[in-house]
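Student: I would like the atomic coordinates for the input below:
(one chain, ligands or ions: 1)
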Amino acid sequence: MAYVKAPGRRLTDGVVTLRLPSAEVGDVDAIVGYVEREQLDGHWLPGIPLVSAEHAIADWLAGWAGYPRSAGPVFVVTVPGAPHFVGVVGSIDRGEGCIEMTYGIAPSWRGRGLASRAARLAAHWALTLPGVTTVELRIAQRHAVSQHVATNAGFVAAGTVTQYVPGTGETFEDLRYILGSQTPMTADSPLGVRTQ
Ligand SMILES: CC(C)(COP(=O)(O)OP(=O)(O)OC[C@H]1O[C@@H](n2cnc3c(N)ncnc32)[C@H](O)[C@@H]1OP(=O)(O)O)[C@@H](O)C(=O)NCCC(=O)NCCS
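Tutor: A predicted model of the protein is given here:
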């Protein structure tokens, strides 16, 4: 199994920045604000509203400490001019060098290319981790927006993956998109990743 180790610095492409969450820098207020303004559409905030903001952030950080968590280690996404984080990216270790990424953007910040940028940035960072050869996305067949995000971010379609949800007993066949060290780059998927 690859171990997803936190980057020493923030990741940025000049528009979006990915950093670790923190209860110290207003992330609790951000989550409370999203809950109070009913900005939870699409269940984009892992754990919320089932647990408190403090508990969610502790869980996101526990993922970085190597503890198994459903969303894995979670980055928060920031953009210039926003008072708080506007999105999240999770990384789930699927074994055999494969990391699954998930992402979410606050409803009022959608449609500006932020998920596409965040997914590309996080995926290219993950591919620099020792032992990681593939980043995958698992996307519901009806989720056209997320499929656009995948292709915008440079991922390519790679069949389907069957997911079993122990809590409900349901099985889903999601679309699988991958980006790997061997994935051909498209003209609109520049790396553009740097740390700050
Ligand atoms: C999916 C999600 C992350 C997208 O965030 P976003 O920042 O709005 O995404 P982007 O702006 O980068 O890209 C959105 C793409 O969808 C397209 N799009 C928007 N509405 C659409 C629609 N109704 N049908 C088809 N495509 C649509 C946009 O045009 C854009 O694609 P394009 O650049 O090719 O035109 C956001 O809607 C979200 O957080 N949803 C809830 C959580 C979730 O579903 N996460 C994904 C789990 S796999």
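
Student: can you give me the strands for the protein?
Tutor: Listed from the start of the chain, the chain has strands (DSSP state E) covering 11-12, 17-19, 74-78, 87-95, 98-105, 134-139, 156-165, 170-180, 194-195.

Student: The ligand is nearest to which of those?
Tutor: strand 98-105 (3.7 Å; CB to the nearest ligand atom). C-beta coordinates here come from the backbone N, C-alpha and C atoms, glycine included.

Student: centre of the chain versus that closest one, how much separation?
Tutor: Using CA atoms, centre = their mean, to the nearest Å, the distance from the centre of strand 98-105 to the centre of the chain it belongs to is 4 Å.

Student: can you list contacts of that strand?
Tutor: For strand 98-105, contacts defined as CB atoms under 8 Å, 6 or more residues apart in numbering pick out 2, 4, 42-46, 71-72, 77, 86-94, 114-115, 118-119, 122-123, 126, 129, 132-138, 149.

Student: What pLDDT does the model give the closest residue to the ligand within the chain?
Tutor: Nearest residue of the chain to the ligand (CB to the nearest ligand atom) works out as Gly42 at 2.5 Å. pLDDT for Gly42: 96.

Student: That one: what's its closest spatial neighbour, skipping adjacent residues?
Tutor: Excluding the flanking residues, the one nearest Gly42 by CB to CB, 6 or more residues apart in numbering is Gly104, at 6.5 Å.

Student: From the contacts of strand 98-105, keep the buried residues only.
Tutor: 2, 4, 44-46, 71-72, 77, 86-94, 114-115, 118-119, 122-123, 126, 129, 132, 134-138, 149 (16 or more other CB atoms under 10 Å).

Student: so which of those residues are also by the ligand?
Tutor: Among these, proximity to the ligand is found for Trp44, Leu114, Ala115, Val149 (CB under 6 Å from any ligand atom).

Student: OK, contacts around the first one?
Tutor: Residues in contact with Trp44, defined by CB under 8 Å, 6+ apart, are Gly87, Val88, Gly104, Ile105, Ala106, Pro107.
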